[in-house]
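Asker: Okay, structure incoming, though there's no sequence with it:
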(Lines give C-alpha, C1' and ligand atoms only; values in the text may rest on other atoms or scores of the structure.)
Protein backbone atom coordinates (compact mmCIF):
# COMPACT_ATOMS: atom_id res chain seq x y z
CA UNK A 1 0.00 0.00 0.00
CA UNK A 2 1.53 3.38 -0.99
CA UNK A 3 2.31 5.65 1.98
CA UNK A 4 -0.22 8.37 2.80
CA UNK A 5 1.12 11.87 2.23
CA UNK A 6 -1.95 14.11 2.40
CA UNK A 7 -4.13 15.37 5.24
CA UNK A 8 -7.43 17.21 5.09
CA UNK A 9 -8.36 19.52 7.97
CA UNK A 10 -12.00 20.71 7.90
CA UNK A 11 -12.05 24.20 9.43
CA UNK A 12 -15.23 25.79 8.11
CA UNK A 13 -17.35 25.61 11.27
CA UNK A 14 -18.91 28.71 12.79
CA UNK A 15 -17.79 27.98 16.36
CA UNK A 16 -21.13 28.85 17.91
CA UNK A 17 -20.26 27.09 21.18
CA UNK A 18 -17.64 29.78 21.80
CA UNK A 19 -19.68 32.87 21.02
CA UNK A 20 -19.10 35.77 21.45
CA UNK A 21 -15.36 35.05 21.14
CA UNK A 22 -15.91 33.54 17.67
CA UNK A 23 -18.20 36.27 16.33
CA UNK A 24 -15.33 37.94 14.48
CA UNK A 25 -12.55 35.34 14.60
CA UNK A 26 -12.13 31.72 13.67
CA UNK A 27 -12.63 29.22 16.50
CA UNK A 28 -9.59 27.32 15.20
CA UNK A 29 -7.46 30.35 16.06
CA UNK A 30 -8.45 30.38 19.74
CA UNK A 31 -5.19 29.88 21.64
CA UNK A 32 -4.17 27.07 23.95
CA UNK A 33 -1.88 29.28 26.07
CA UNK A 34 -0.10 30.97 23.13
CA UNK A 35 -0.61 28.52 20.24
CA UNK A 36 -3.75 28.41 18.08
CA UNK A 37 -5.65 25.13 18.25
CA UNK A 38 -5.28 24.63 14.47
CA UNK A 39 -1.48 24.66 14.78
CA UNK A 40 -1.57 21.58 17.01
CA UNK A 41 -3.31 19.67 14.20
CA UNK A 42 -0.82 20.80 11.57
CA UNK A 43 2.14 19.89 13.77
CA UNK A 44 0.59 16.47 14.45
CA UNK A 45 0.21 15.86 10.71
CA UNK A 46 3.83 16.84 10.09
CA UNK A 47 5.06 14.52 12.86
CA UNK A 48 3.22 11.70 11.08
CA UNK A 49 4.91 12.55 7.79
CA UNK A 50 1.93 14.33 6.19
CA UNK A 51 3.25 17.61 4.81
CA UNK A 52 0.66 18.13 2.05
CA UNK A 53 -2.29 19.62 3.95
CA UNK A 54 -5.59 20.88 2.61
CA UNK A 55 -7.67 23.09 4.89
CA UNK A 56 -11.37 23.31 4.11
CA UNK A 57 -12.34 26.82 5.15
CA UNK A 58 -15.26 29.19 4.88
CA UNK A 59 -16.16 32.82 5.17
CA UNK A 60 -14.23 34.70 7.86
CA UNK A 61 -11.34 32.22 8.00
CA UNK A 62 -8.64 34.41 6.46
CA UNK A 63 -6.72 34.41 9.75
CA UNK A 64 -5.90 30.73 9.20
CA UNK A 65 -4.10 31.53 5.98
CA UNK A 66 -2.32 34.51 7.49
CA UNK A 67 -1.11 32.44 10.45
CA UNK A 68 0.66 29.87 8.28
CA UNK A 69 2.00 32.44 5.81
CA UNK A 70 5.20 34.47 6.01
CA UNK A 71 4.83 37.86 7.70
CA UNK A 72 7.77 39.90 6.46
CA UNK A 73 6.85 42.98 8.47
CA UNK A 74 6.74 40.97 11.70
CA UNK A 75 9.94 39.13 10.83
CA UNK A 76 11.71 42.42 10.11
CA UNK A 77 10.49 43.80 13.45
CA UNK A 78 11.72 40.75 15.36
CA UNK A 79 15.06 40.70 13.56
CA UNK A 80 15.68 44.40 14.16
CA UNK A 81 15.12 43.93 17.90
CA UNK A 82 17.26 40.82 18.19
CA UNK A 83 14.36 38.51 19.04
CA UNK A 84 16.09 35.51 17.51
CA UNK A 85 13.98 32.74 19.06
CA UNK A 86 10.68 34.38 18.15
CA UNK A 87 11.90 35.01 14.60
CA UNK A 88 12.92 31.36 14.17
CA UNK A 89 9.52 30.19 15.44
CA UNK A 90 7.61 32.43 13.01
CA UNK A 91 9.63 31.09 10.08
CA UNK A 92 9.19 27.49 11.27
CA UNK A 93 5.41 27.89 11.31
CA UNK A 94 5.39 29.20 7.74
CA UNK A 95 7.70 26.50 6.39
CA UNK A 96 6.70 23.31 8.21
CA UNK A 97 4.13 22.11 5.63
CA UNK A 98 2.68 22.75 2.18
CA UNK A 99 -0.75 24.08 3.13
CA UNK A 100 -3.53 24.60 0.60
CA UNK A 101 -6.93 26.21 1.19
CA UNK A 102 -10.33 25.51 -0.29
CA UNK A 103 -13.62 27.15 0.69
CA UNK A 104 -16.57 24.89 1.40
CA UNK A 105 -18.96 27.56 0.15
CA UNK A 106 -21.84 26.72 2.46
CA UNK A 107 -22.00 24.75 5.73
CA UNK A 108 -23.43 21.42 4.57
CA UNK A 109 -21.89 19.13 7.15
CA UNK A 110 -18.62 17.30 7.73
CA UNK A 111 -19.29 14.82 4.95
CA UNK A 112 -19.64 17.61 2.42
CA UNK A 113 -16.46 19.27 3.72
CA UNK A 114 -14.54 16.04 3.11
CA UNK A 115 -16.12 15.56 -0.32
CA UNK A 116 -14.82 18.89 -1.64
CA UNK A 117 -11.27 17.60 -1.08
CA UNK A 118 -11.69 15.02 -3.86
CA UNK A 119 -9.91 16.93 -6.60
CA UNK A 120 -6.93 17.69 -4.36
CA UNK A 121 -6.69 14.14 -2.99
CA UNK A 122 -7.31 12.32 -6.28
CA UNK A 123 -7.04 8.54 -6.13
CA UNK A 124 -4.79 8.51 -3.07
CA UNK A 125 -5.60 7.57 0.50
CA UNK A 126 -5.58 10.50 2.91
CA UNK A 127 -6.05 11.48 6.54
CA UNK A 128 -8.82 13.66 7.93
CA UNK A 129 -8.11 15.56 11.14
CA UNK A 130 -10.74 17.52 13.06
CA UNK A 131 -9.00 20.41 14.85
CA UNK A 132 -11.50 20.35 17.74
CA UNK A 133 -9.87 17.03 18.69
CA UNK A 134 -6.51 18.21 19.96
CA UNK A 135 -4.01 15.40 20.49
CA UNK A 136 -1.15 15.67 22.95
CA UNK A 137 2.19 15.90 21.16
CA UNK A 138 3.29 12.62 22.77
CA UNK A 139 0.33 10.80 21.21
CA UNK A 140 1.18 8.56 18.27
CA UNK A 141 -2.44 7.88 17.35
CA UNK A 142 -2.20 9.13 13.77
CA UNK A 143 1.05 7.27 13.10
CA UNK A 144 -0.49 4.06 14.43
CA UNK A 145 -3.60 4.51 12.29
CA UNK A 146 -1.44 5.08 9.22
CA UNK A 147 0.44 1.84 10.01
CA UNK A 148 -2.87 -0.07 10.19
CA UNK A 149 -3.94 1.42 6.86
CA UNK A 150 -0.65 0.44 5.26
CA UNK A 151 -1.01 -3.11 6.60
CA UNK A 152 -4.63 -3.72 5.59
CA UNK A 153 -5.12 -1.23 2.75
CA UNK A 154 -8.47 -0.09 4.13
CA UNK A 155 -9.94 2.92 5.92
CA UNK A 156 -9.25 3.36 9.63
CA UNK A 157 -11.16 5.50 12.14
CA UNK A 158 -10.16 6.46 15.68
CA UNK A 159 -12.32 5.05 18.49
CA UNK A 160 -12.44 5.72 22.21
CA UNK A 161 -14.57 4.30 25.01
CA UNK A 162 -16.96 6.91 26.40
CA UNK A 163 -19.41 6.77 29.34
CA UNK A 164 -22.71 5.19 28.36
CA UNK A 165 -24.57 8.41 29.16
CA UNK A 166 -22.44 10.33 26.60
CA UNK A 167 -22.86 8.12 23.53
CA UNK A 168 -25.54 10.44 22.15
CA UNK A 169 -22.82 13.04 21.55
CA UNK A 170 -20.86 10.87 19.11
CA UNK A 171 -21.02 8.42 16.29
CA UNK A 172 -20.80 4.93 17.81
CA UNK A 173 -19.81 1.65 16.18
CA UNK A 174 -20.77 -1.99 16.39
CA UNK A 175 -17.32 -3.57 16.63
CA UNK A 176 -15.90 -6.95 15.76
CA UNK A 177 -12.48 -7.53 17.32
CA UNK A 178 -9.63 -8.20 14.93
CA UNK A 179 -6.81 -8.01 17.45
CA UNK A 180 -6.27 -6.17 20.75
CA UNK A 181 -6.92 -2.48 20.14
CA UNK A 182 -8.21 -3.01 16.59
CA UNK A 183 -11.78 -3.77 15.49
CA UNK A 184 -13.70 -4.09 12.26
CA UNK A 185 -16.62 -1.68 11.99
CA UNK A 186 -19.74 -3.80 11.45
CA UNK A 187 -22.11 -0.84 11.76
CA UNK A 188 -21.99 2.80 12.78
CA UNK A 189 -24.73 5.07 14.15
CA UNK A 190 -24.66 8.86 14.44
CA UNK A 191 -25.51 10.17 17.93
CA UNK A 192 -27.69 7.27 19.09
CA UNK A 193 -29.84 7.38 22.20
CA UNK A 194 -27.98 5.53 24.99
CA UNK A 195 -30.48 2.66 24.93
CA UNK A 196 -29.96 2.24 21.15
CA UNK A 197 -26.17 2.55 21.03
CA UNK A 198 -24.42 -0.47 19.49
CA UNK A 199 -21.49 -0.01 21.92
CA UNK A 200 -19.69 2.66 23.91
CA UNK A 201 -16.91 2.90 21.32
CA UNK A 202 -17.24 6.41 19.93
CA UNK A 203 -15.69 7.91 16.82
CA UNK A 204 -13.09 10.59 17.46
CA UNK A 205 -11.77 13.16 15.00
CA UNK A 206 -9.00 11.18 13.28
CA UNK A 207 -9.57 9.18 10.10
CA UNK A 208 -7.46 7.56 7.39
CA UNK A 209 -9.60 7.00 4.31
CA UNK A 210 -9.16 5.08 1.11
CA UNK A 211 -10.41 7.07 -1.92
CA UNK A 212 -13.51 4.85 -1.90
CA UNK A 213 -14.95 7.20 0.75
CA UNK A 214 -15.77 9.68 -2.03
CA UNK A 215 -18.06 7.20 -3.78
CA UNK A 216 -19.80 6.57 -0.47
CA UNK A 217 -20.23 10.31 0.13
CA UNK A 218 -21.92 10.66 -3.27
CA UNK A 219 -24.55 8.14 -2.15
CA UNK A 220 -25.36 9.81 1.17
CA UNK A 221 -28.78 11.40 1.40
CA UNK A 222 -28.63 14.85 3.04
CA UNK A 223 -30.19 14.91 6.47
CA UNK A 224 -31.42 17.68 8.74
CA UNK A 225 -30.50 21.12 7.43
CA UNK A 226 -29.26 19.58 4.18
CA UNK A 227 -26.11 18.31 5.91
CA UNK A 228 -24.16 15.34 4.57
CA UNK A 229 -22.97 13.22 7.49
CA UNK A 230 -19.53 11.62 7.29
CA UNK A 231 -20.81 8.90 9.64
CA UNK A 232 -23.40 7.86 7.05
CA UNK A 233 -20.71 7.57 4.39
CA UNK A 234 -18.55 5.43 6.67
CA UNK A 235 -21.54 3.15 7.24
CA UNK A 236 -22.05 2.76 3.49
CA UNK A 237 -18.33 2.19 2.93
CA UNK A 238 -18.25 -0.54 5.58
CA UNK A 239 -20.79 -2.52 3.53
CA UNK A 240 -18.50 -2.44 0.46
CA UNK A 241 -15.11 -2.95 2.06
CA UNK A 242 -13.65 -3.36 5.54
CA UNK A 243 -13.39 -0.29 7.74
CA UNK A 244 -11.20 -0.68 10.81
CA UNK A 245 -11.41 1.09 14.13
CA UNK A 246 -8.24 1.83 16.09
CA UNK A 247 -9.02 2.04 19.81
CA UNK A 248 -7.03 4.48 21.93
CA UNK A 249 -7.34 5.73 25.49
CA UNK A 250 -5.30 8.85 26.20
CA UNK A 251 -4.02 12.10 24.78
CA UNK A 252 -7.21 13.73 23.45
CA UNK A 253 -8.75 17.06 24.37
CA UNK A 254 -12.07 18.20 22.91
CA UNK A 255 -11.25 21.89 22.58
CA UNK A 256 -14.66 22.53 21.03
CA UNK A 257 -16.00 21.98 24.54
CA UNK A 258 -15.42 24.82 27.00
CA UNK A 259 -14.48 22.65 29.98
CA UNK A 260 -12.08 20.51 27.96
CA UNK A 261 -10.65 23.66 26.37
CA UNK A 262 -9.83 24.91 29.86
CA UNK A 263 -8.42 21.50 30.83
CA UNK A 264 -6.16 21.51 27.78
CA UNK A 265 -4.97 25.04 28.56
CA UNK A 266 -4.19 24.21 32.19
CA UNK A 267 -2.56 20.82 31.62
CA UNK A 268 -0.43 21.90 28.67
CA UNK A 269 0.63 25.07 30.48
CA UNK A 270 1.74 23.00 33.47
CA UNK A 271 4.01 20.96 31.20
CA UNK A 272 5.89 23.99 29.91
CA UNK A 273 9.20 24.72 31.62
CA UNK A 274 8.75 28.46 31.17
CA UNK A 275 5.29 28.53 32.78
CA UNK A 276 4.74 25.29 34.67
CA UNK A 277 6.52 25.95 38.00
CA UNK A 278 4.96 29.37 38.64
CA UNK A 279 1.56 28.34 37.27
CA UNK A 280 1.53 25.26 39.51
CA UNK A 281 2.16 27.47 42.57
CA UNK A 282 -0.65 29.77 41.48
CA UNK A 283 -3.10 26.86 41.11
CA UNK A 284 -2.06 25.52 44.51
CA UNK A 285 -2.80 28.95 46.06
CA UNK A 286 -6.20 29.02 44.36
CA UNK A 287 -6.98 25.52 45.63
CA UNK A 288 -6.03 26.49 49.19
CA UNK A 289 -8.23 29.60 49.07
CA UNK A 290 -11.15 27.58 47.74
CA UNK A 291 -10.85 25.08 50.61
CA UNK A 292 -10.92 27.92 53.13
CA UNK A 293 -14.11 29.44 51.71
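Answerer: Structure's in. What do you need? Just so it is clear, the structure is predicted and the values come from calculations on it, not from any experiment.
Asker: For residue 125, what are phi and psi?
Answerer: phi -70, psi 160 (degrees, to the nearest 10).
Asker: Compute the number of surrounding residues for it.
Answerer: For residue 125, the count of nearby residues is 24 (other C-beta atoms under 10 Å). Every C-beta, even on glycine, is put in place using the N, C-alpha and C of the backbone.
Asker: ok, now residue 140?
Answerer: 16.
Asker: residues in contact with the nearest residue to residue 181 once chain neighbours are set aside?
Answerer: Spatial nearest neighbour of residue 181, excluding adjacent residues (C-beta to C-beta, 6 or more residues apart in numbering): residue 247 at 5.0 Å. For residue 247, the contacting residues are 159-161, 181-183, 201, by C-beta atoms under 8 Å, 6 or more residues apart in numbering.
Asker: Now rank these by neighbours and give me the top one.
Answerer: Among those, the one with the most neighbours (other C-beta under 10 Å) is residue 159, at 27 neighbours.
Asker: so which strand or helix has that one?
Answerer: strand 155-161 (DSSP states H and E).
Asker: Check the offset of that strand from the chain's centre.
Answerer: Relative to the chain's own centre, strand 155-161 is displaced by 13 Å; criterion: C-alpha atoms, centre = their mean, to the nearest Å.
Asker: Name the strands paired with it and say parallel or antiparallel.
Answerer: strand 201-209 (antiparallel), strand 243-247 (parallel) (DSSP bridges).
Asker: Now render those strands as a markdown table, adding distance to residue 126 and mean pLDDT.
Answerer: A markdown table is the format used below for the strands paired with strand 155-161 (distance: least, C-beta to C-beta, whole Å; pLDDT from 0 to 100):
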| stretch | distance to residue 126 | mean pLDDT |
| --- | --- | --- |
| strand 201-209 | 6 | 96 |
| strand 243-247 | 15 | 97 |
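Asker: Show me the strands in the stretch 151-293 of the chain, by range?
Answerer: Secondary structure of the stretch 151-293 of the chain (DSSP state E, counting those that start in this stretch): strands at 155-161, 171-179, 182-190, 201-209, 243-247, 252-254.
Asker: where along the stretch 1-150 of the chain do the strands fall?
Answerer: Using DSSP E, counting those that start in this stretch, the strands of the stretch 1-150 of the chain run over residues 6-10, 31-32, 35-36, 52-57, 98-103, 126-129, 133-135.
Asker: Using the record's assignment, carve this structure into domains.
Answerer: Following automatic domain parsing, the chain resolves into domains at 6-256, 258-293.
Asker: Kindly compare burial across those domains and name the winner.
Answerer: With neighbours defined as mean count of other C-beta atoms under 10 Å, those peak in mean count at domain 6-256, which reaches a mean of 18.
Asker: coming back round to it: in CSV: the strands paired with strand 155-161, plus distance to residue 269.
Answerer: Formatted as CSV, those follow (distance: least, C-beta to C-beta, whole Å):
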stretch, distance to residue 269
strand 201-209, 23
strand 243-247, 29
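Asker: Ok, which of these comes nearest residue 42?
Answerer: strand 201-209 (13.9 Å; C-beta to C-beta).
Asker: Compare the strands of the stretch 151-293 of the chain and give me the one nearest residue 135.
Answerer: Closest of the strands of the stretch 151-293 of the chain to residue 135 is strand 252-254, at 5.9 Å (criterion: C-beta to C-beta).
Asker: Output the contacting helices and strands for that closest one.
Answerer: Strand 252-254 is packed against strand 133-135, helix 258-271, with contacts defined by 3 or more C-beta pairs under 8 Å, 6 or more residues apart in numbering; DSSP states H and E.
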